[in-house]
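Novice: I'll drop the sequence and a predicted model, then ask my questions.
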Amino acid sequence: DVAAAAAKAKFLEYVRVSDRVTQGGYKNDKLYDAVAVSPARTQLALETERGAGIRTTGNTVVATLGVTSVKLSTNPEQAFSEVGLTGCLDVQGVKAFKADGSSAIAATRLPRIAVTALMQMVPASALKDGRPTGWYLSKLDYPGGGTPC
């Protein structure tokens with residue numbers, strides 16, 4: 001229960017960081033370092049490149065967030081503890097704009113999008129960049145490329 005609660009809290013922090021990155025025009029993806037490790041971190045860097053020139057307003061709301069799996073490690077230096085999550089992100093209040101001020105929202109965008117995530121407890125010794133031991137987003141997926149929830 002403790003691991004699941006901590007992993008869920010870090011995922012909620014990831015959502016807030018993601019909103020800050022997009023609201024800032026995708027210019028400061030270093031903010032993701034506080035909440036994500038690769039392969040998710042690499043995925044987020046690619047999304048940042050694709051989003052260049054787009055700015056958002058509003059915040060993503062986590063409508064639901066549940067635990068699908070918990071795998072605790074007895075030796076964190078050998079294998080990380082993991083918590084699988086599934087949720088529903090409500091993006092109705094998020095507006096996206098191109099540099100010229102026109103909308104960057106596709107007509108097919110869903111108001112709520114299913115998401116799955118893998119959170120890992122990563123020791124500082126594995127990070128090698130000064131980040132502290134803690135839960136980090138490791139994998140992020142939008143099933144079906146963005147299915148409703």
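Specialist: Perfect, thanks for sending it. Numbering: from 1, shown residues only.

Novice: can we go C-alpha only for contacts and neighbour counts from here?
Specialist: OK.

Novice: does T57 really touch Q92, like I thought?
Specialist: No: counting by Cα atoms under 8 Å, T57 stays clear of Q92, with 10.9 Å between them.

Novice: Point to the helix or strand of the chain where mean pLDDT is at its lowest.
Specialist: Sorting the helices and strands of the chain by mean pLDDT, DSSP states H and E puts helix 124-127 at the bottom, at a mean of 90.

Novice: Output it as CSV - backbone C-alpha positions only.
Specialist: Provided in CSV are the C-alpha atoms of helix 124-127 (Å, rounded to 0.1, in the frame of the first residue of the first chain):
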residue,chain,number,x,y,z
ALA,A,124,20.3,7.3,-6.6
SER,A,125,23.2,5.0,-7.4
ALA,A,126,21.5,4.0,-10.6
LEU,A,127,20.7,7.6,-11.6
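
Novice: After that helix, which helix or strand is next?
Specialist: Using DSSP states H and E, the helix or strand that follows helix 124-127 in sequence is strand 134-141.

Novice: Could you list every helix and strand that that following strand packs against?
Specialist: helix 2-23, helix 40-50, strand 112-122 (3 or more Cα pairs under 8 Å, 6 or more residues apart in numbering; DSSP states H and E).

Novice: mean pLDDT lowest for which of the ones you listed?
Specialist: Lowest mean pLDDT of the helices and strands packed on strand 134-141: helix 40-50, a mean of 93.

Novice: Could I get the buried residue list for that helix?
Specialist: Buried residues in helix 40-50, counted by 16 or more other Cα atoms under 10 Å: A40, R41, Q43, L44, A45, T48.

Novice: Doesn't L110 belong to a strand?
Specialist: No: residue state for L110 (DSSP: H, G, I helix; E, B strand; the rest coil) corresponds to coil; a strand is not indicated.

Novice: okay, it: pLDDT?
Specialist: 92.

Novice: related to what we said a few turns ago, and which of the buried residues of helix 40-50 is nearest to D129?
Specialist: Set against D129, the nearest of the buried residues of helix 40-50 by Cα to Cα is R41 (13.9 Å).
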